[in-house]
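[1] have a look at this fold, sequence not included:
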């Protein structure tokens, strides 16, 4: 059985002629919770979006479970940054989660009782079932992020990609989200998370991708969280790193 979840070869991405991500090569095995870390402007979100074909690549090959993104799109759940979402769109919490069931419906079919029950089950898992009739714009940042995680769960995907899911969320929501992401990995799913808070990386992830436009390091948290490795990525921002639990 092939346990390779993600393969990235020679990935290059540019914005307006400026290279944002260059020469990234790595492979991720199934069942890992992987944090994508690096300084501001390092290309973390760009890397994630390019992997998923959400933005164009200059060159490179990305395979998910040995196939192209197009071939396994239904098996991929993506949670974008909160500032990429129109929170004024007139949709209820339940309807937002129901969108996650669409990839598994037959063409031109709409969600029915079975899908609604599943969506409510996903909302219950993230502690948001009592808000099912609310408009998503009425929720707090943490509640909104829980709803979009519920939408991802409703998809019954094998791969989960989240872009800065903890920005602007309360501590309780962050704890709930991390707990569910870990549970997904225990179930054999693979999870990738763009993350900026190094102080929690050791608690949240079992592998790290350290970027600064190019791949600085990839491996276990202990392998990446070494002073010389982190310093290569953060350079002048290194003064606070020892407070983050980085090993010397």
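    On my side now, so go ahead. Keep in mind that what you see is a predicted model, and the values were worked out from it rather than measured. Residues are numbered from 1 along each chain as shown.

[2] do a quick rundown of the helices in the chain.
    Using DSSP state H, the helices found in the chain span residues 44-51, 69-72, 93-98, 113-125, 141-154, 171-186, 201-204, 221-224, 227-234.

[3] in a markdown table, list these along with mean neighbour count and distance to residue 195.
    Where you see a C-beta, it was placed from the backbone N, CA and C, and this is true even at glycine. Formatted as a markdown table, the helices of the chain follow (neighbours: other CB atoms under 10 Å; distance: least, CB to CB, whole Å):
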| stretch | mean neighbour count | distance to residue 195 |
| --- | --- | --- |
| helix 44-51 | 23 | 8 |
| helix 69-72 | 13 | 22 |
| helix 93-98 | 23 | 24 |
| helix 113-125 | 17 | 22 |
| helix 141-154 | 24 | 13 |
| helix 171-186 | 16 | 10 |
| helix 201-204 | 17 | 7 |
| helix 221-224 | 16 | 12 |
| helix 227-234 | 18 | 14 |
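
[4] out of those helices, the one nearest residue 131 is which?
    helix 93-98 (5.1 Å; CB to CB).

[5] residues in contact with the closest one?
    111, 115-116, 119-120, 122-123, 128, 131-136, 139, 147-148, 150-151, 154 (CB atoms under 8 Å, 6 or more residues apart in numbering).

[6] cutoff 7 Å now
    111, 115-116, 119, 122-123, 128, 131-134, 136, 147, 150-151, 154 (CB atoms under 7 Å, 6 or more residues apart in numbering).

[7] where in the chain is pLDDT low?
    The model of the chain has pLDDT under 70 over residues 1-2, 104-109, 111, 236-248.

[8] re the thing from before, out of the helices of the chain, nearest to residue 57?
    That would be helix 44-51 among the helices of the chain, by CB to CB, at 5.1 Å.

[9] and the closest one, what does it pack against?
    strand 4-15, strand 18-29, strand 33-37, strand 159-163, strand 190-194 (3 or more CB pairs under 7 Å, 6 or more residues apart in numbering; DSSP states H and E).

[10] need those in JSON lines with mean neighbour count and distance to residue 82, can you?
    Shown next, in JSON lines, are the helices and strands packed on helix 44-51 (neighbours: other CB under 10 Å; distance: least, CB to CB, whole Å):
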{"stretch": "strand 4-15", "mean neighbour count": "17", "distance to residue 82": "21"}
{"stretch": "strand 18-29", "mean neighbour count": "16", "distance to residue 82": "21"}
{"stretch": "strand 33-37", "mean neighbour count": "24", "distance to residue 82": "17"}
{"stretch": "strand 159-163", "mean neighbour count": "23", "distance to residue 82": "9"}
{"stretch": "strand 190-194", "mean neighbour count": "25", "distance to residue 82": "12"}
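
[11] I'd like to know which of those lies nearest to residue 227.
    strand 33-37 (14.9 Å).

[12] any idea of the angle that closest one forms with helix 227-234?
    60 degrees (axes from the mean of the first three to the mean of the last three CA atoms, to 10 degrees).

[13] without its sequence neighbours, what residue ends up closest to the residue positioned nearest the centre of the chain?
    By CA atoms, centre = their mean, the mean C-alpha position of the chain lies nearest to residue 162, the distance being 1.8 Å. The shortest distance from residue 162 to any residue other than its chain neighbours is 4.3 Å, reached at residue 79 (CB to CB, 6 or more residues apart in numbering).

[14] just residue 181 next, same as before
    Per CB to CB, 6+ apart, closest to residue 181 is residue 191, 5.1 Å.

[15] quick check: beta-bridge partners of that neighbour?
    residue 33, residue 160 (DSSP bridges).

[16] check contacts around it.
    33, 34, 160, 181, 184, 185.

[17] what do you get if the cut-off is 6 Å, keeping everything else the same?
    Neighbouring residues of residue 191 by CB atoms under 6 Å, 6 or more residues apart in numbering: 33, 160, 181, 184, 185.

[18] how about the contacts of helix 93-98, which pair is most distant?
    115 and 134 (19.3 Å).
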